[in-house]
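# Coordinates for the following, if possible.
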Amino acid sequence: MEAKTPYKNIYTILKLNRFIVLSAIIGATIISVVSVVLVIKLHKETINTAFMVNTDGSVIPLKQVKQRENLEVEALAHIELFHKYFYHIDASNYEKHLEKALWLGNSSVDELYRQKKADGVYNRLLQYSLVQKVLSIVSKVDITKEPYSFETTTIFEVNRGTIIDVYELQTIGNLIHVDRHFPNNTHGLLITNFFEKALRKIQNEE
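Numbering: from 1, shown residues only. Okay, here's the model as predicted:
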């Protein structure tokens with residue numbers, strides 16, 4: 001008489017075990033691949049995204065393109081602000097304006113200021129009650145690589161009372177990133193290698 005075994009066929013069990021193992025491996029592989037893809041996608045999005053704090057305190061994501069556009073706007077605004085402070089002066093405001101201008105540039109700006117002071121520029125401003133007024137500021141800035149080079153054309157007039165002379169000033173320099181300082185340097189940029197390239201009189205009014 002043939003003995004009966006209470007166990008299932010060993011081959012059936014092995015097939016079942018192999019199916020379970022293969023299913024687990026395939027499932028783990030799929031999860032791993034999906035996880036890697038998601039991590040890579042998140043990494044790319046993080047690289048191409050910057051964040052800024054809105055006026056209400058909320059965080060706003062900005063794409064890298066927008067960040068570059070924002071950098072150009074801030075760079076031009078920084079340059080314009082500096083030139084207004086440094087060249088738009090009269091006897092009543094020159095000390096305040098120059099102090100603000102010195103926050104926006106490095107030692108090259110300070111050296112130019114000291115040179116002008118030594119040459120008696122500010123003494124003449126006081127002595128003759130001159131008014132130096134900026135009429136326009138046009139700048140070009142290259143933001144492809146830091147330090148960012150710029151060139152600015154500033155048109156300003158010098159009012160001597162009965163005579164008004166108008167000048168065109170060409171200046172050049174570089175911009176670098178620094179920590180933002182409120183309210184003295186809100187753009188977080190600093191002018192370096194600043195130089196007055198050319199100055200010419202373009203108009204004289206009597």
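
# Just give me the residue right at the centre of the protein.
Closest residue to the average C-alpha location of the chain: Leu71 at 3.8 Å, with Cα atoms, centre = their mean.

# so what's the closest residue to that one other than its chain neighbours up against?
Counting by Cβ to Cβ, 6 or more residues apart in numbering, Leu71 lies nearest to Ile143, which is 5.5 Å off, once chain neighbours are set aside. Backbone N, C-alpha and C define where each C-beta goes, glycine included. Neighbouring residues of Ile143 by Cβ atoms under 8 Å, 6 or more residues apart in numbering: Arg68, Leu71, Glu72, Ala75.

# and these, which of them are in strands?
Among the contacts of Ile143, none falls in strands (DSSP state E).

# ok, of those residues, which come out buried?
Neighbour counting by 16 or more other Cβ atoms under 10 Å classes Leu71, Ala75 among those as buried.

# The helix or strand hosting Ser35: which residues count as buried?
Using DSSP states H and E, Ser35 sits within helix 10-47. Judged by neighbour count using 16+ other Cβ under 10 Å, helix 10-47 contains no buried positions.

# same deal with stretch 124-135?
Leu125, Leu130, Val131, Gln132, Val134.

# Outside of it itself, list whatever touches it.
With contact meaning Cβ under 8 Å, 6+ apart, stretch 124-135 is reached by 83-84, 87-91, 94, 154-161, 166.

# where's it relative to the chain centroid, distance-wise?
Its chain's C-alpha centre and that of stretch 124-135 lie 33 Å apart, by Cα atoms, centre = their mean, to the nearest Å.
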